[in-house]
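# quick one: sequence plus predicted model below, questions after.
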Amino acid sequence: MRVTDSLFQPIKLGAIEAKNRIIMAPLTRGRAADPVFTPNDLMAQYYGQRASAGLIISEATGISREGLGWPSAPGIWSEEQAEAWKASTEAVHKAGGKIVLQLWHMGRLVHPYFLGGEPPVSSSATTAPGHAHTPEGRKDYEPARALGLDEIPRLIADYRNAAELAKKAGFDGVQLHAANGYLIDQFIRDNSNLRDDEYGGPATNRVRLLREVLEALVDVWGADRVSARLSPNGDSQGADDSDPATTFAAAAQVAQDLKLGFLELRQPGPEGTYGRTDVPQQDAMIRSIYTGPLVLNSDYSAEDAAADIDAGRCDAVSFGRPFISNPDLPHRIRLGAELAPNTNVPKSWYLPGPAGYIDYPTLDEERAAGAA
């Protein structure tokens with residue numbers, strides 16, 4: 001028996017039947033067509049190449065112009081975008097795979113460049129640390145304005161619209177991006193949420209927007225085709241929390257109450273978050289509250305992923321960067337083959353065009369070229 005055999009057991013992620021437990025994590029790649037953030041055939045080829053994953057979680061996809069501030073990232077707020085996404089979902093399904101769309105609002109991490117000079121929105125009037133990526137180069141983040149109470153129904157309607165368009169586009173479900181310091185995470189964490197209304201203060205209030213957005217997604221898709229991504233450990237793009245155990249227990253309770261199909265955590269793996277080992281791990285606490293399938297993500301090797309599944313720490317593991325240069329990652333893991341390195345990284349992660357995107361060979365192609 002191979003040490004990684006548990007990765008190849010099928011699993012039900014809500015209503016989605018995954019053929020293995022090697023999930024493709026969301027990866028921003030910046031290949032959509034500007035200026036309307038529209039998916040294209042290059043993206044369809046990329047996703048189709050990786051359909052051997054048990055489930056593909058798409059790159060983060062903007063729900064509105066207000067919420068999208070990454071050059072050449074895709075959107076899902078128009079019929080045109082939904083129609084363009086069909087090439088990707090059809091490519092994945094034709095190859096025997098499953099794919100869900102990750103819904104994204106970047107909040108204060110949207111630079112005014114993308115908003116015609118207007119300030120971004122956030123839970124509170126704060127400024128993210130560091131720099132934004134824009135077509136004109138890196139720019140300092142600028143102050144956000146607090147989202148008004150009267151604007152929250154409109155925001156939830158944007159998420160609902162995106163979920164409905166994702167269904168038209170042929171996805172198998174949707175995932176709410178509630179992690180990594182983006183808008184929902186900005187509401188969840190107490191160093192970025194300074195509100196004194198029903199969306200601020202105690203953790204149960206700070207997860208209110210998480211709950212209301214997820215309720216809208218569930219209304220469109222059914223709970224068993226909706227998931228969420230959380231990052232419950234340490235600072236993430238300036239978003240942090242003074243009591244993450246209490247905060248993310250409240251977030252996990254939302255997932256449990258709504259009976260989401262699965263929950264994905266950006267979480268310290270065997271080597272800790274971003275190489276850190278001093279960040280408390282919250283997955284055991286979350287697993288004690290949320291009883292559905294739990295997917296962990298963060299720099300896993302195949303062996304460590306299998307070990308955590310075998311130990312009951314999680315039910316599946318999502319792999320990010322290994323899928324960039326290994327379109328057939330499950331096949332390589334099954335054979336114990338060496339993984340291809342990420343050449344031209346990070347340069348090729350976000351540049352337009354096929355180089356470093358769809359030109360990585362499969363193991364079979366490598367071996368055939370070597371034998372020629």
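Received it, and whenever you're ready, just let me know what you need. Since this is a predicted model, take the numbers as computed values, not measurements.
# centre of the chain to the lowest-mean-pLDDT helix or strand in the chain, how far?
Least confident helix or strand of the chain, by mean pLDDT, DSSP states H and E, is helix 347-350 with a mean of 77. In terms of CA atoms, centre = their mean, to the nearest Å, the centre of helix 347-350 is found 18 Å from the chain centre.
# let me know the distance separating the residue lying closest to G54 once chain neighbours are set aside from V218.
Nearest non-adjacent residue to G54, counting by CB to CB, 6 or more residues apart in numbering: A18, 3.4 Å away. The C-beta positions use only the backbone N, C-alpha and C, and glycine is treated the same way. Using CB to CB, to the nearest Å, A18 is found at 20 Å from V218.
# looking at these two, which one has more neighbours?
Ranked by neighbour count (other CB atoms under 10 Å), A18 and V218 place A18 first, with 23 against 19.
# any stretches of the stretch 151-300 of the chain with poor pLDDT?
The stretch 151-300 of the chain contains residues with pLDDT under 70 at 268-280.
# show me where it has its helices.
Taking DSSP state H, counting those that start in this stretch, the helices of the stretch 151-300 of the chain run over residues 152-168, 183-188, 203-206, 208-221, 244-258, 283-289.
# D310 contacts L7, doesn't it?
No - applying CB atoms under 8 Å, one finds D310 not in contact with L7, separated by 9.8 Å.
# who's more crowded, those two?
L7 (23 against 12).
# which residues sit against stretch 214-226?
Residues outside stretch 214-226 that contact it (CB atoms under 8 Å, 6 or more residues apart in numbering): 14-16, 100, 103, 156-157, 159-160, 163-164, 167, 172-176, 228, 254-255, 258-261.
# derive a PyMOL selection command for the buried subset of these.
Of those, the buried ones go into a single PyMOL selection, burial set by 16 or more other CB atoms under 10 Å:
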select buried, resi 14+16+100+103+156+159+160+163+164+167+172+173+174+175+176+228+254+255+258+260+261
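# picking that back up, run through the bridge partners of the residue nearest to G54.
I11 (DSSP bridges).
# I'd say it and L55 touch.
Yes - A18 is within contact range of L55, at 4.7 Å (criterion: CB under 8 Å).
# so for these two, which residues contact both of them?
Here A18 and L55 have K98 as joint contacts, going by CB under 8 Å, 6+ apart.
# would you mind giving the helices of the stretch 151-300 of the chain as CSV with distance to L109 added?
As requested, the helices of the stretch 151-300 of the chain are arranged in CSV below (distance: least, CB to CB, whole Å):
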stretch, distance to L109
helix 152-168, 16
helix 183-188, 8
helix 203-206, 18
helix 208-221, 16
helix 244-258, 20
helix 283-289, 24
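# measure L263 to G30 for me?
27 Å.
# again, but for A162
Following CB to CB, the distance that separates A162 from G30 is 19 Å.
# which one of the two is surrounded by more residues?
Neighbour count, other CB under 10 Å: between A162 and G30, A162 has more, with 27 against 17.
# where in the stretch 1-150 of the chain is pLDDT low?
Using pLDDT under 70, the stretch 1-150 of the chain drops low at 1.
# near T38, how many other residues are there?
Other residues close to T38 by other CB under 10 Å number 19.
# list the buried residues of the longest strand belonging to the chain.
Using DSSP state E to define each element, the chain has its longest strand at strand 55-62. Within strand 55-62, the residues that count as buried by 16+ other CB under 10 Å are 55-62.
# what is that strand packed up against?
Contacts defined by 3 or more CB pairs under 8 Å, 6 or more residues apart in numbering; DSSP states H and E place strand 55-62 against strand 22-24, strand 99-104.
# give me the angle between the longest one and helix 152-168.
I take that to be strand 99-104. 160 degrees (axes from the mean of the first three to the mean of the last three CA atoms, to 10 degrees).
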